[in-house]
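>>> following is a predicted model, sequence given first.
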Amino acid sequence: MAEKTAKIQAAGGVDDKAREAYFTASQGQLIWARFKRNKSAMAGLIVLVTLILAGLFSPFLTPYDPTAAGRDASYQNGAPQIPRMWDENGFSWRPFIYTPERFRSIKTNFRWVTRINKKKRRYMTFLPEGDPYKLFGMTFRTHLFGVDKGKIHLFGTDAAGKDIFSRTFHAINTSLAVGTIGVFLAFFLALIIGGVSGFYGGWIDSALQMFTDAIRTVPAIPLFMALAAFIPPEWSAEARFFFISTILGLIGWPTLARRVRTHLLTERNQEYVLAAKLCGASASHIIRRHLLPSFTSYIIVDLVISFPYMVLSETALSFIGLGLKDPVNSLGVMLQNVTQADVLLNYQWYFIPVIFFIVLVLAFVFVGDGLRDAADPYAETRK
Amino acid sequence: MGQFLRFAFVRAIMAVVTLIIVSFIVFSLMEMVPGDCAERYLAFKNTQGSGISVADIDAERERLGLNRPFMVRWVSWIWHAFQGDFGESCILRMDISQLLSDKFLISLGIALAALALAYAIALPVGIISATSRSPVLNNTLRLVSYLGLALPNFLLALMIMLFSTMVYGNSLTGLFSPQYRDAPWSWDKFVDFAGHAWLPIFILGWSATAFAIQTVRALMSDEIGKLYVTAARARGVSGWRLLRRYPARHALGPIINSLGFDLNRVFNELPVVALILTLTEAGSLLIEALARSNDQQLAGAIIFLLTGSIVALNFLTDILLALADPRVRHSILGRSA
């Protein structure tokens, strides 16, 4: 109430239409209105949506297959190639890159050396046919860009000649998928355990709380590292993928469950619950129709906030070799070999994907923070 | 005093019960893992060239007592674990407590030092940012804490390694110089250790600091608007003296309370950071035990020890809180105190 009057006074002589719109707005509309005013959160949202779309359409946006099938055998550990439109040999309307050539002679002590031939240009083409990929159940061959001869590697290539640009975008997709499965599993467990604990209270609550607290004291990553380590090596990459997502879901539930429980414990003594009970509503009806809607917004906020942790945990697990493995791409998989001195000294472009992931996580954090502020009806009066 | 002892006793019992529940979870998970210690050891021997048969595996099971029922083995494991005896490692055939003792203490030392660093920075900075209205300061702090979240410790460690390799040609890894690695502890060794340990401590403290600043700031901003602070100000108390004597004391309680979970978070990061910086302490030993040799006995012992130290810290902070916070003390000791 205080918030509403404060808002209307702040707006000055608002016309009745805006006033009516404000008073009849649904919870979702109110949250969106508050969210829109938060500039950093909106910027985060735009970046986030862009990255999610980039992840979803990664097979189209990137020129090559990210697995060994799309490797460029003639350009291994190759430096990033930056398209340009002019050089000392003249200007071109079509962006081009140079052709790298491998050669050896007595001068190089007969070792293979890659050098750039500036005379041979590779012109960029748009919407060329390339490696086949599947999107929405259909098979396509068209990619956004490519070059007329040979291959183009915007972010360079790794030791096997796989295109880091293609791998980065596919990795975003993987991380989002792992995070989504993990978050929903955690959410499901949290809702059941926290819901039972908070709704029934009493000794069930005490026992479940003791269990949850015991789980919360175990450092999750070492424990699940222990579990992940025992995945039989013969499992396929897909089976590992689902197993790792499940593990991440199992890491995430205790904190969420606690929030659900606390909320239910306060809400279940409210008059509207009592009224529903007196009308003879069943427990499941009360939970579904009255209690759940009362805190959906909090739950959504919690889900968004816990998402980056899922992504980062997956990265950590894969990085040490206990998570995902080739041919599944994820940031952790791509970073597996970077601690070698060779990579640190000579192939710094291996680190390019890190930038994308920091941006992805930051976008999630900004959106989560913005949502939390927007979902809190008292946020404005407190300031 | 009697009541206080009773409180401490109840807390100690609760800590032990928590440890027992945790040990049950850890033990069952280690059991669910396919294959047991006997198979693993003999499979390892097989790769070394000696032939093995099913009878050998059964004999080894007999020797390790793996043919006993699950509950019996769990009780015996937990009984020995509380006495500091974790049995033998599956592969290395070494006494685990001997294998771990030094390494675990070093890990714990590094983790606690990281926490201490985090709060040494977070307490003053958090208090200043809660009282200051300067938008520059507040936005900078927000950015720092966001970066603390988005740049997880292991990526930070990688970035530092990348930077130092490119600039200095030295990757700053390891915990000891070669000549001290196997030497007994001495002052020189400690100095050498400190010279190496600052980097992992800084890296582990990085995101802990970001979290701690946010906590301290939120708690202080909540307390600072309360009436008792205004009342104190009206009596003429001001500046640091006011902050230190009134709101900071109130905010301290929840911070002490959350130390256990902060330690948990540091332990989460420890193994990966240890792997990157090639530290030879418990964290990387855990990865060693898991990724390379599938040693469930060792892995279980390490996880139990990590959890044990968190439970111990939780117990200590509970006691400390009861001593430090008059409200908690009052609720324990009743009206007589």
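Here it is on my side, so go on.

>>> so B:M220 sits against B:G126, correct?
Yes: here B:M220 lies in contact with B:G126, judged by CB atoms under 8 Å, at a distance of 6.2 Å. (Each C-beta comes from the backbone N, C-alpha and C, glycine too.)

>>> show me the shaky parts of the chain.
Just so you know, I chose chain A. Per-residue confidence of chain A (counting by pLDDT under 70) places the weak regions at A:1-15, A:229-230, A:339, A:341, A:376-383.

>>> try chain B instead
Within chain B, the stretches falling below the threshold (pLDDT under 70) are B:1, B:33-37, B:40-41, B:43-52, B:64-65, B:90-93, B:168-185, B:279-294, B:331-337.

>>> quick one, strands of the stretch 101-250 of chain A?
Applying DSSP state E, counting those that start in this stretch to the stretch 101-250 of chain A gives strands spanning A:113-126, A:129-135, A:138-142, A:145-147.

>>> so which of those strands comes closest to A:R268?
With CB to CB as the measure, strand A:129-135 is the member of those nearest A:R268 (46.3 Å).

>>> compare B:M220 and B:G126 (neighbour count), which wins?
Comparing B:M220 with B:G126 by neighbour count (other CB atoms under 10 Å in any protein chain shown), the higher total belongs to B:G126, at 26 against 21.

>>> so where does the more buried one fall, helix or strand?
Take DSSP states H and E as the rule and B:G126 turns out to sit in helix B:96-131.

>>> ok, and what's touching the helix or strand just after that helix?
Next in sequence after helix B:96-131, counting helices and strands by DSSP H and E, comes helix B:135-150. Contact with helix B:135-150 is made by A:308, A:358, A:361-362, A:365-366, B:125, B:128-129, B:132, B:206-207, B:209-211, B:213-214, B:217, as judged by CB atoms under 8 Å, 6 or more residues apart in numbering or on different chains.

>>> mind listing what's buried along helix B:135-150?
Of the residues in helix B:135-150, those with enough neighbours to count as buried (16 or more other CB atoms under 10 Å in any protein chain shown) are B:L141, B:R142, B:S145, B:Y146, B:L147, B:G148, B:L149, B:A150.

>>> residue furthest from the geometric center of chain A?
Distance from the C-alpha centroid of chain A peaks at A:I106, with 49.8 Å (CA atoms, centre = their mean).

>>> any idea which of the strands of the stretch 101-250 of chain A gets closest to B:W77?
Nearest to B:W77 among the strands of the stretch 101-250 of chain A is strand A:129-135 (49.0 Å), distances taken as CB to CB.

>>> so which elements touch that closest one?
helix A:58-61, strand A:138-142 (3 or more CB pairs under 8 Å, 6 or more residues apart in numbering or on different chains; DSSP states H and E).

>>> want to throw the ones you listed into TSV with distance to A:C279?
Output for those, formatted as TSV (distance: least, CB to CB, whole Å):
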stretch	distance to A:C279
helix A:58-61	52
strand A:138-142	51
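
>>> neighbours of A:I181, how many?
With neighbours defined by other CB under 10 Å, the count for A:I181 comes to 18.

>>> for A:K36, same thing?
What A:K36 shows, counting by other CB under 10 Å, is a neighbour count of 13.

>>> the one 5 residues further on too?
Counted with other CB under 10 Å, the neighbours of A:A41 add up to 23.

>>> next: A:R261.
Neighbours around A:R261, by other CB under 10 Å: 23.

>>> which residues are in contact with the closest residue to it other than its chain neighbours?
Nearest-residue entry for A:R261: A:G198, 3.8 Å, with adjacent residues in sequence omitted and distances by CB to CB, 6 or more residues apart in numbering or on different chains. Residues in contact with A:G198 (CB under 8 Å, 6+ apart) are A:D205, A:V260, A:R261, A:T262, A:H263, A:L264, A:L265, A:R268.

>>> if we can go back for a sec, which of the strands of the stretch 101-250 of chain A is buried the deepest?
Comparing the strands of the stretch 101-250 of chain A by mean neighbour count (mean count of other CB atoms under 10 Å in any protein chain shown), strand A:145-147 ranks first with a mean of 20.

>>> what sits up against that one?
Residues outside strand A:145-147 that contact it (CB under 8 Å, 6+ apart) are A:P63, A:F96, A:I97, A:R122, A:Y123, A:M124, A:T125, A:F126, A:L127, A:P128, A:G130, A:I152.

>>> so which residue is dead centre in chain A?
Centre-most residue of chain A, counting by CA atoms, centre = their mean: A:L176, 3.9 Å.

>>> ok, that residue to chain B distance?
Separation of A:L176 from chain B (CB to the nearest CB, to the nearest Å) stands at 16 Å.
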